[in-house]
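Peer 1: Next input, structure requested:
(chains A and B)
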Amino acid sequence: MALNPKFGNAAANAAADAISDALDNGYLRIYTGSQPAGADTALSGQTLLAELRYANPASGAASGGVVTFSAMTADSSADATGTAAWFRALKSDGTTAVFDGSVGTSGCDLNLNSTAIQSGAAVSISSHTYTFNKG
Amino acid sequence: MALTITSRGTGTHNTGATTLVPGGRSATLAVGSLGVLCIALDNEGSAGSTLIAPDSWTDAKGNIWTLRQNALYDNGAASAGIEMAIYTARINVALLTTDAGTMTWKTGVSPVAKAWTWYEVIPSAGHTPLYVSGGTIAGATAANAQVTTASVPVGDGVIAGYFSENTAAVTGDSDTTNGTWAAQQTATIGTTTAGVRIATQQKVQTTTPSTQSYDVTVTSQDRIAGYILVTDALNTTGDVALTSPAGALAATAAETFSATAAVTSPAGALAATGAETFSATAAIASPTGVLAGTGVETFSGTAAITSPAGSLGGAGATFGGTVAITSPAGALASTAAETFAATVAEASPAGSLAATAAETFSGTAAEASPTGSLAATGAQAFAATVAITSPTGSLALTGTYTPQAITGSLVPASPAGSLAATGGLEFAGSLAEAGPAGAPALAGTYTPLAIAGDAAVTSPPGELAASAAEEFAAGLAIESPAGSLELTGVYTPPGAIVGAAAITSPRGAVALTATVTGGLRVRRRRSGRVILDPTKVFAFPPPNSPAIAGRAALSSPLGSLSAAGMMNDDELVLALLFP
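Peer 2: Residues are numbered from 1 along each chain as shown, chains lettered A, B, ... in the order given. I've put the predicted structure just below:
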């Protein structure tokens, strides 16, 4: 028999809210290089290009397993010049990773208008959602 | 679309002071632009050879002006020469023409003549203007000046300047190579060598990248020159749309969970192939798939690995806390070395449970396989109570159990199958081996230290053979109710059997080929009635010596102890008496 689990909205919202709560006043950091194997994997030579901040609280309540984050504080001056490849979202302590994602110009978790980030230029995110897959 | 560079006015000041409030802007510097200040000042540094322009200064709106280029020419004469400086500032708050800002000279000196020009670098839409680089030429007392820039990309800009300790007019550059120099901004104050002049121009690169040459024509005087390059960088913006994974959840690297962790893969296989470390409560569940833990897992807290409907394999796990590994409907295989420091339960109710490697249990451990085979072929060491149970299958113990191995109670039980213990077993506590429906066999060696308590070896409907040399330090009861009973071993005094021994065979032949030191008491009972003299002691000559040697010993004076003399409901009781 095929595998076919399904989650209800209540469970999906709880999961999505938990993710959002972890990001209250947290960080979203954009890096060069290879995305680590996991969100708890330490950096290994990747360069930090930009750092944005989540709002506090990071979002309102989830609906249908989807949480839409509030406007984030942009990085008005990128830290370095390089090609953005992946990002990491962290708690407000700046060290506890919540999730990682890919960066590109399309088909990625974070899609930018250009992955070529230049030191001193502004970096912003105009919308941010997290969806718990209900199956 | 390229940036634009707009002239924003000039200013001068001719009074000695340790600070300067540069004004003279002709328009507001807008938010998002890059402000540029070029300034010429008397060389008033210590001994005429010290730069005095501050590294940065802040205007009235909080915009920070950073020194980008700074050089001086000192001709060696007192208070002679010229210093130049170029500043840039990202305009985060609009700087009005009336907004002030104070520069404080280094070393506390008070230059007199100062002249400056302003520029505003305006980016194209969606870009941020940035300072890139710059340079200066060596100062000299000379006519004219030429500045050659680094290569300028198309769309970037250059601002070049001439700075002199003189008020003579300067003819600017007008070449059109890859762009046209804008009209010169110039300002002067003072007189001849007591004054200064600044002349600056800007150009935006077009057509193709190249170096730019800034050439001015002027009479000979103390002068220096320099430039900066500016660009506008694309602002990056994007959207995040993150969705939790659907399908397989694979943890292939080393995961560390420092708090409560739940890793669940509802719709696929969950594989943990790396070294996982759980320092707290952890739950790994794969309700409808295969859950495999093939790496070295370390659990220091409560851990539960459950695969209700699939196979669960823990191939190299270390459990420091309470651990439950359950595979209700599948096979549970532990093939690597596992260490359990606390309570452990491995259960495979409906499948086979195999522990083939060396496992060490320092706490309470239970390995149970109710309806399958349970095989322990490796060396198991149990420091506490251990129960190995196989109610409806075969149970085999083929490894070696050292004296230290089992310090508590051990109960290997095989109710409905064969029970075989072929290795050397040494037990410091009680041992009960029972094979009610099969043939129990004890083929190993049991040393004097092996069994320090009571031992019972029972085989109700089959044959019980003790073919090796058994030595017992306490009571021994060997009973074979419905079969033949043979004692072929050697019973050596004095320590072998120091208590009472009873060998009972209700029907059939009894062969006693062993050597017994001491006396033999034989009783024959029928329906509870004693046929033989219950008090008769067959003290084969000589008494208290190796008198009973094999079957001949039963060919006693009574002669009725042979098999032929026994009836079906007779019970023959032999009591071995020892000194």
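
Peer 1: hey, which helix or strand in chain B has the poorest pLDDT?
Peer 2: Every helix and strand in chain B was compared by mean pLDDT, DSSP states H and E; the lowest is strand B:546-549, with a mean of 28.

Peer 1: what about residue 22, neighbour count?
Peer 2: Picked chain A for this. 18 (other C-beta atoms under 10 Å in any protein chain shown). C-beta here means a position set from N, CA and C on the backbone, and glycine is covered the same way.

Peer 1: looking at chain B here, not the other one
Peer 2: 24.

Peer 1: Just the CA trace of stretch B:205-223, in PDB.
Peer 2: Taking C-alpha atoms only, stretch B:205-223 is exported to PDB below (Å, rounded to 0.1, in the frame of the first residue of the first chain):
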ATOM      1  CA  GLN B 205      32.400  56.300 -18.400                       C
ATOM      2  CA  THR B 206      30.700  55.400 -21.700                       C
ATOM      3  CA  THR B 207      31.300  53.100 -24.600                       C
ATOM      4  CA  THR B 208      34.000  50.900 -23.200                       C
ATOM      5  CA  PRO B 209      36.100  50.500 -20.100                       C
ATOM      6  CA  SER B 210      39.300  52.300 -20.000                       C
ATOM      7  CA  THR B 211      41.600  54.400 -17.800                       C
ATOM      8  CA  GLN B 212      40.800  58.100 -17.700                       C
ATOM      9  CA  SER B 213      43.400  60.900 -17.900                       C
ATOM     10  CA  TYR B 214      42.600  64.200 -16.100                       C
ATOM     11  CA  ASP B 215      44.800  66.900 -17.400                       C
ATOM     12  CA  VAL B 216      44.800  70.500 -16.300                       C
ATOM     13  CA  THR B 217      46.800  73.500 -17.400                       C
ATOM     14  CA  VAL B 218      48.100  76.000 -14.900                       C
ATOM     15  CA  THR B 219      51.200  78.000 -14.100                       C
ATOM     16  CA  SER B 220      53.900  76.500 -11.900                       C
ATOM     17  CA  GLN B 221      53.100  76.400  -8.200                       C
ATOM     18  CA  ASP B 222      52.900  74.000  -5.300                       C
ATOM     19  CA  ARG B 223      50.200  71.500  -6.300                       C
END
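
Peer 1: Tell me which residues of it come out buried.
Peer 2: Buried residues in stretch B:205-223, counted by 16 or more other C-beta atoms under 10 Å in any protein chain shown: B:205, B:210, B:212, B:214, B:215, B:216, B:218, B:221, B:222, B:223.

Peer 1: Excluding chain neighbours, what is closest to the third one?
Peer 2: The spatially closest residue to residue B:212, leaving aside those adjacent along the chain, is residue B:149, at 4.6 Å (C-beta to C-beta, 6 or more residues apart in numbering or on different chains).

Peer 1: Give me the nearest residue to the residue nearest in space to the middle of chain A, chain neighbours excluded.
Peer 2: The centre of chain A sits closest to residue A:89, judged by C-alpha atoms, centre = their mean, with a distance of 4.5 Å. Nearest residue to residue A:89 in three dimensions, chain neighbours excluded: residue A:98, at 4.6 Å (C-beta to C-beta, 6+ apart).

Peer 1: list the contacts for that neighbour?
Peer 2: A:19, A:22, A:23, A:26, A:39, A:89, A:90, A:91 (C-beta atoms under 8 Å, 6 or more residues apart in numbering or on different chains).

Peer 1: Adding secondary structure as columns, could you present those residues in CSV?
Peer 2: Shown next, in CSV, are the contacts of residue A:98 (DSSP: H, G, I helix; E, B strand; the rest coil):
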residue, secondary structure
A:19, helix
A:22, helix
A:23, coil
A:26, coil
A:39, coil
A:89, strand
A:90, strand
A:91, coil
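
Peer 1: Rebuild those as a markdown table, extending it with pLDDT and distance to residue B:18.
Peer 2: Listed next are those as a markdown table, based on pLDDT from 0 to 100; distance: C-beta to C-beta, whole Å:
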| residue | pLDDT | distance to residue B:18 |
| --- | --- | --- |
| A:19 | 88 | 57 |
| A:22 | 91 | 53 |
| A:23 | 95 | 50 |
| A:26 | 96 | 47 |
| A:39 | 89 | 55 |
| A:89 | 95 | 50 |
| A:90 | 96 | 47 |
| A:91 | 95 | 49 |
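
Peer 1: any idea which of these is closest to residue B:95?
Peer 2: Proximity of these to residue B:95 (C-beta to C-beta) peaks at residue A:26, which lies at 34.3 Å.

Peer 1: Once you drop chain neighbours, what's closest to the closest one?
Peer 2: Residue A:26 sits nearest to residue A:54 (C-beta to C-beta, 6+ apart), 4.5 Å away.

Peer 1: Around that neighbour, how many other residues sit close by?
Peer 2: 27.

Peer 1: so what's residue B:11 up against?
Peer 2: B:22, B:23, B:24, B:115, B:116, B:118, B:187.

Peer 1: name the helices or strands packed onto the helix or strand of chain A with the lowest mean pLDDT?
Peer 2: The helix or strand of chain A with the lowest confidence, counting by mean pLDDT, DSSP H and E, is helix A:9-22 at a mean of 85. Judged by 3 or more C-beta pairs under 8 Å, 6 or more residues apart in numbering or on different chains; DSSP states H and E, helix A:9-22 is in contact with strand A:66-68, strand A:97-104, strand A:123-131.

Peer 1: Next SSE downstream of the second one?
Peer 2: It refers to strand A:97-104. For strand A:97-104, the succeeding helix or strand toward the C-terminus, using DSSP states H and E, is strand A:110-112.

Peer 1: downstream neighbour of that following strand in the secondary structure list?
Peer 2: strand A:116-117.

Peer 1: Can you name the residues in contact with that next one?
Peer 2: Residues contacting strand A:116-117 (C-beta under 8 Å, 6+ apart): A:30, A:49, A:50, A:78, A:80, A:81, A:82, A:83, A:84, A:123, B:234, B:236.

Peer 1: Only whichever of those are buried, select them in ChimeraX.
Peer 2: Applying 16+ other C-beta under 10 Å to those, the buried members can be selected in ChimeraX as follows:
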select /A:30,49,50,78,82,84,123 /B:234,236
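
Peer 1: Now stretch B:145-160: buried residues?
Peer 2: B:145, B:147, B:149, B:152, B:155, B:156, B:157, B:158, B:159, B:160.

Peer 1: now, which of those sits nearest chain A?
Peer 2: Taking C-beta to the nearest C-beta as the measure, chain A lies nearest residue B:156 of those, at 12.3 Å.

Peer 1: For the closest residue to that closest one other than its chain neighbours, what are phi and psi?
Peer 2: For residue B:156, ignoring the flanking residues on the chain, the nearest one in space by C-beta to C-beta, 6+ apart is residue B:231 at 4.4 Å. Backbone torsions of residue B:231, given as degrees, to the nearest 10, read phi -140, psi 170.

Peer 1: Quickly list what residue B:231 is bridged to.
Peer 2: residue B:130 (DSSP bridges).

Peer 1: what's it in contact with, if anything?
Peer 2: Contacts of residue B:231 (C-beta under 8 Å, 6+ apart): B:3, B:129, B:130, B:132, B:153, B:155, B:156, B:157.
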